[in-house]
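**Student:** Need coordinates for the following:
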Amino acid sequence: MFVSSGMKDKHQTDQLHVDVNVVDGVELDIQAFKKWRNGEYANAEFILEEDGKYICGSEIEKMSKSKFNVVNPDDLVIKYGADTFRMYEMFLGPVEMSKPWDTKGIEGVHRFLKKFWRLFADEEKGLIVTDATTTSEELKVLHKAIKKVEEDTERFSFNTGVSAFMIATNELTDLKCHKRSILEPLVILLASYAPHIAEELWHLLGNDTSVVDAVYPTFEEKYVKESSKTYPVAINGKTRTELTIALDATQQQVEDIVLANEIVRKWMEGKSPKKVIYVKNKMVNVVV
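**Tutor:** Sure, this is the predicted structure:
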């Protein structure tokens, strides 16, 4: 008889290491467990949690055949692909540290790669990349990614490099960006992290050479410099709205922008401002 982790305090128990491949996160696949060890536990009974699940305990320990916690890379490659497996190992944490393995977590990296692919192609339309002119927001996303990935790769901080790809992909998805001049450099960046997908996308974009021979993208600081800032605008110390103002705006220009705003004028209730306090990079306060 086997007792789920949350119920074991009510019973006298002994520990048993179970094959990690029949555990989804911490939930035991009971039917797979019954077939384990040539059906040794085929007639076992289970005391389950209130939600009907069997939850295993967990320990942080080195992979060992004797503890049945060895994960076969070949099985993961067949299920998720080599690039997913490669990037997930990078994503686990710094290379010099021991990390807990969670097969369930690999699905997150797999979803990211599929989302990255959808920037280039649609299941129904096929290739959706355009040669449209880029916007400043798109260029900012790209060059932030170039800088972060390059720095992280040079210092072997691959986990934060993977995070940078995820952030860039989410931002470009929100911007509905499918532009060649943005996506092509990203493919070159991705090549050292997910070489198979990068090579496939590189040829999908119409290139005849290998992506590993492409010129590495160059970071340009001008694209990531902030030219404006969103300021909280207060009336007599109470924040009432927010306004985006150019960073190089003068005191007079700030006053004109703020006092012309409809929400600000509403809260001023027709009164004349005694003064406008402008603290650059922080806030604006109108005193009436």
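**Student:** what's the following helix or strand after the helix or strand of the chain with the lowest mean pLDDT?
**Tutor:** Every helix and strand in the chain was compared by mean pLDDT, DSSP states H and E; the lowest is strand 23-24, with a mean of 86. Using DSSP states H and E, the helix or strand that follows strand 23-24 in sequence is strand 27-28.
**Student:** Counting by contacts, list what the helix or strand just after that next one packs against.
**Tutor:** As assigned by DSSP H and E, the chain's next helix or strand after strand 27-28 is helix 30-39. For helix 30-39, not one helix or strand is in contact under the criterion 3 or more CB pairs under 8 Å, 6 or more residues apart in numbering; DSSP states H and E. C-betas here are computed from N, CA, C, even on glycine.
**Student:** May I see the buried residues of helix 30-39?
**Tutor:** Neighbour-count burial for helix 30-39, with 16 or more other CB atoms under 10 Å as criterion, is recorded at 33-34, 36.
**Student:** any low-confidence regions in the stretch 51-200 of the chain?
**Tutor:** Applying pLDDT under 70 to the stretch 51-200 of the chain picks out no residues at all.
**Student:** could you list every residue that touches the closest residue to H143 other than its chain neighbours?
**Tutor:** Spatial nearest neighbour of H143, excluding adjacent residues (CB to CB, 6 or more residues apart in numbering): Y223 at 4.2 Å. Listed by CB atoms under 8 Å, 6 or more residues apart in numbering, the contact set of Y223 reads 136, 139-140, 142-143.
**Student:** just so I have it, where are all the strands in the chain?
**Tutor:** 2-3, 23-24, 27-28, 46-47, 121-122, 126-127, 228-235, 238-246, 275-279, 283-287 (DSSP state E).
**Student:** strand partners of the second one, parallel vs antiparallel please.
**Tutor:** Using DSSP bridges, strand 23-24 pairs in its sheet with strand 27-28 (antiparallel).
**Student:** State the distance from A132 to L186.
**Tutor:** Going from A132 to L186 by CB to CB, to the nearest Å gives 16 Å.
**Student:** Of the two, which one has the most company?
**Tutor:** L186 (24 against 13; other CB atoms under 10 Å).
**Student:** Nearest residue to the spatially most central residue of the chain in space, please, no chain neighbours.
**Tutor:** Per CA atoms, centre = their mean, the C-alpha nearest to the average position across the chain is that of M166, at 3.7 Å. Nearest residue to M166 in three dimensions, chain neighbours excluded: F112, at 5.3 Å (CB to CB, 6+ apart).
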